[in-house]
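Participant: structure, please.
(chains A, B, C and D)
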There are 4 protein chains.
Amino acid sequence: MTREELVKAYFKKDAFVEGMGAEVVELNANRAIVRAKITPAHYNANGCAQGGMLYTLADFAFALHANYLHPATVTQMGSISYLKAAYTDEVTATATEKARSGHNTVSEVVLRDKAENVVCICTFNGFVKDVDPSEFEKKL
Amino acid sequence: MTREELVKAYFKKDAFVEGMGAEVVELNANRAIVRAKITPAHYNANGCAQGGMLYTLADFAFALHANYLHPATVTQMGSISYLKAAYTDEVTATATEKARSGHNTVSEVVLRDKAENVVCICTFNGFVKDVDPSEFEKKL
Amino acid sequence: MTREELVKAYFKKDAFVEGMGAEVVELNANRAIVRAKITPAHYNANGCAQGGMLYTLADFAFALHANYLHPATVTQMGSISYLKAAYTDEVTATATEKARSGHNTVSEVVLRDKAENVVCICTFNGFVKDVDPSEFEKKL
Amino acid sequence: MTREELVKAYFKKDAFVEGMGAEVVELNANRAIVRAKITPAHYNANGCAQGGMLYTLADFAFALHANYLHPATVTQMGSISYLKAAYTDEVTATATEKARSGHNTVSEVVLRDKAENVVCICTFNGFVKDVDPSEFEKKL
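Facilitator: Prediction:
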């Protein structure tokens, strides 16, 4: 398995994300892009994509990208700024690493609606455990 | 309807939270407490409560409390620190307001597993629109 | 030296905080309180306490408290929400630990003006190195 | 006065930043870059650039850039992740806007040491008041 396949297979086991529905559009050393269809099941009380749902999508993009770059990375901190209500039927999340130093990695994740408007900006801090990528394989 | 009933009825319309499963344990001027059963559907790839799921529960506790205190409040920023993996079958989130000034409110939300260990600490910043509570009623 | 004296002596060596001016009001297992006089040298372009100055005071309160509890703790992340402009001649910062688990500690710091209004709310994440308190002594 | 001159003249009145020492290297619609010499007066107890000092420099870069783009913007939230101790005699902070929507703007600020290592990554959330740039002129 390539590293991309390995990381995707491992995160396919994330039941909460699977239940929500999200597909991996791109995963490589530059970035991860994931996409979710927004249906009524994803709405908040105002009828647009719910805040926790958006965070979950962002966290998923970060997890894929960070674990692709540095197996294995666990999220230590996540933060999300809401800029625009997501009245849309599709949201993408793009994760890019900003810096890594020792056990710490920091990534930015940008969420956009179908019209490419930025709906949220997130920052994630991960703790890098530095294990061999084969560790993912054992867990599959 | 009391204010508590009104806010609970309004957020009952949050489809994503309903799908995840969360019950309101307490809602008053001091705090909001919500609780979620953790089942395999809530697991991440490691078999414990998924990070976005935990954030969603925290955001729900904040939304209830902030809107109880100040109708209507929308989340501007949320941040979450993960302290301990949530290998547990129940998580509670307790929201308490730390300060409010003008259109801004800041709350802390603490997530605990069934054994009362703190699993996450969150901070939420809300923008207070200052509408009449009856606005919620119109949306029911 | 008591632990309080040791931590205070160590942080007395922080030249930037010393230059800004801050005194330790209280330091124990429950909390740290520090206080700064606000003079024109601390003003931003609007004539009130500058945002970075307020953050620095908060970070100082956190550093004292975290290192009192867990020698040695280094700041990994700090965040600050500004609630009210600090037109005042004195600001206090009160740090209290919210949770600690393994190498991670999370504290809240509240900044208040002389009239006891909350001006800022901060969260700090520290990495605990778990060294013997005598390490501080060697550095004095 | 050009917009650049106006914003620089206004922030020249920030006494705390002036006392710390910071020069504006670049200020335009794309970004703001500021630079500070690191002297013993900027050290923490460990002999490197103090965490609050670094935050202050980042906040200054954000304030310049956001107010250049959107007069007048006030900081609502700032967060800083420390990646590497800044044992260096010069630090730069580069602010770039990530998104703006309505009254909200979000910028990233990256701090680098003299060897171009990333030392900190920051996110700032500003509230845009949308005033005429001439308002700055009145305050000079």
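Participant: chain A: helices as residue ranges?
Facilitator: Using DSSP state H, the helices of chain A run over residues A:3-11, A:15-20, A:51-69, A:134-139.
Participant: closest to chain B out of the ones you listed?
Facilitator: helix A:51-69 (2.6 Å; CB to the nearest CB). Placement of C-beta: from N, CA and C, glycine included.
Participant: and chain A, which residues reach chain C?
Facilitator: Counting by CB under 8 Å from any CB of the partner chain, chain A comes close to chain C at A:76-77, A:79, A:104, A:125.
Participant: nearest to chain D, out of the helices of chain A?
Facilitator: Comparing the helices of chain A by CB to the nearest CB, helix A:51-69 comes nearest, at 13.4 Å.
Participant: pLDDT (mean, whole number) over the closest one?
Facilitator: Helix A:51-69 carries an average pLDDT of 98.
Participant: would it count as contacting chain D?
Facilitator: No: judged by CB under 8 Å from any CB, helix A:51-69 stays clear of chain D, getting no closer than 13.4 Å.
Participant: quick one, that helix and helix B:51-69 angle?
Facilitator: 150 degrees (axes from the mean of the first three to the mean of the last three CA atoms, to 10 degrees).
Participant: return the distance of helix A:51-69 from the chain's centre.
Facilitator: Averaged C-alpha coordinates place helix A:51-69 at 2 Å from its chain's average position (CA atoms, centre = their mean, to the nearest Å).
Participant: likewise for stretch A:84-91?
Facilitator: 17 Å.
Participant: now do the strands in chain A.
Facilitator: Counting by DSSP state E, chain A has strands at residues A:23-27, A:32-37, A:73-82, A:90-101, A:104-113, A:118-128.
Participant: what about the closest residue to A:Glu26 other than its chain neighbours, distance to A:Asn117?
Facilitator: Leaving aside its sequence neighbours, A:Glu26 sits nearest to A:Ile33 (CB to CB, 6 or more residues apart in numbering or on different chains; 4.2 Å). A:Ile33 is 16 Å from A:Asn117, where distance means CB to CB, to the nearest Å.
Participant: against chain C, how distant is the one residue sitting closest to the centre of chain A?
Facilitator: Note on chain A: the residue nearest the mean C-alpha position is A:Ala61, at 1.7 Å, using CA atoms, centre = their mean. Distance of A:Ala61 to chain C, given as CB to the nearest CB, to the nearest Å: 20 Å.
Participant: how close does that residue sit to A:Thr92?
Facilitator: With CB to CB as the criterion, A:Ala61 and A:Thr92 are 9 Å apart.
Participant: quick revisit: columns mean neighbour count and mean pLDDT on top of the strands of chain A, output as CSV?
Facilitator: Output for the strands of chain A, formatted as CSV (neighbours: other CB atoms under 10 Å in any protein chain shown; pLDDT from 0 to 100):
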stretch, mean neighbour count, mean pLDDT
strand A:23-27, 16, 98
strand A:32-37, 22, 98
strand A:73-82, 24, 97
strand A:90-101, 20, 97
strand A:104-113, 24, 98
strand A:118-128, 24, 98
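Participant: and these as JSON lines, adding distance to A:Gly51?
Facilitator: Shown next, in JSON lines, are the strands of chain A (distance: least, CB to CB, whole Å):
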{"stretch": "strand A:23-27", "distance to A:Gly51": "21"}
{"stretch": "strand A:32-37", "distance to A:Gly51": "14"}
{"stretch": "strand A:73-82", "distance to A:Gly51": "7"}
{"stretch": "strand A:90-101", "distance to A:Gly51": "12"}
{"stretch": "strand A:104-113", "distance to A:Gly51": "11"}
{"stretch": "strand A:118-128", "distance to A:Gly51": "8"}
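Participant: surely A:Thr94 touches A:Ala61?
Facilitator: Yes: under the criterion of CB atoms under 8 Å, A:Thr94 makes contact with A:Ala61 at 6.6 Å.
Participant: list residues touching both of these two?
Facilitator: A:32-33, A:109 (CB atoms under 8 Å, 6 or more residues apart in numbering or on different chains).
Participant: closest to chain C out of these?
Facilitator: Closest to chain C, out of all of the shared contacts of A:Thr94 and A:Ala61 and judged by CB to the nearest CB, is A:Val109, at 16.3 Å.
Participant: look at A:Glu137 and report its pLDDT.
Facilitator: At A:Glu137, pLDDT is 82.
Participant: run a quick neighbour tally on it.
Facilitator: By other CB atoms under 10 Å in any protein chain shown, 12 other residues sit near A:Glu137.
Participant: please apply the same query to the one 3 residues further on.
Facilitator: Other residues near A:Leu140 come to 11 when the count uses other CB under 10 Å.
Participant: and the furthest pair within the residues of chain A next to chain C?
Facilitator: The most widely separated members of the residues of chain A next to chain C are A:Ser79 and A:Asn104, with 15.2 Å between them, by CB to CB.
Participant: ok, A:Ala115 touching A:Asp89?
Facilitator: No: using CB under 8 Å, A:Ala115 is not in contact with A:Asp89; the gap is 10.6 Å.
Participant: just the pLDDT for A:Val131.
Facilitator: pLDDT at A:Val131 comes out at 84.
Participant: then A:Lys12?
Facilitator: The confidence metric pLDDT takes the value 97 at A:Lys12.
Participant: now it. Its backbone dihedrals?
Facilitator: The phi/psi pair for A:Lys12 (degrees, to the nearest 10) reads phi -60, psi -20.
Participant: check contacts around it.
Facilitator: A:18, B:45.
Participant: over to A:Glu137?
Facilitator: By CB under 8 Å, 6+ apart, the neighbours of A:Glu137 are A:1, A:6.
Participant: and with 6 Å instead?
Facilitator: Applying CB atoms under 6 Å, 6 or more residues apart in numbering or on different chains to A:Glu137 gives no contacts.
Participant: on that earlier part again, mind checking the helices of chain A for the one nearest to C:Leu69?
Facilitator: Of the helices of chain A, nearest to C:Leu69 by CB to CB is helix A:51-69, at 29.6 Å.
Participant: nearest to A:Gly47, of the shared contacts of A:Thr94 and A:Ala61?
Facilitator: A:Val109 (24.0 Å).
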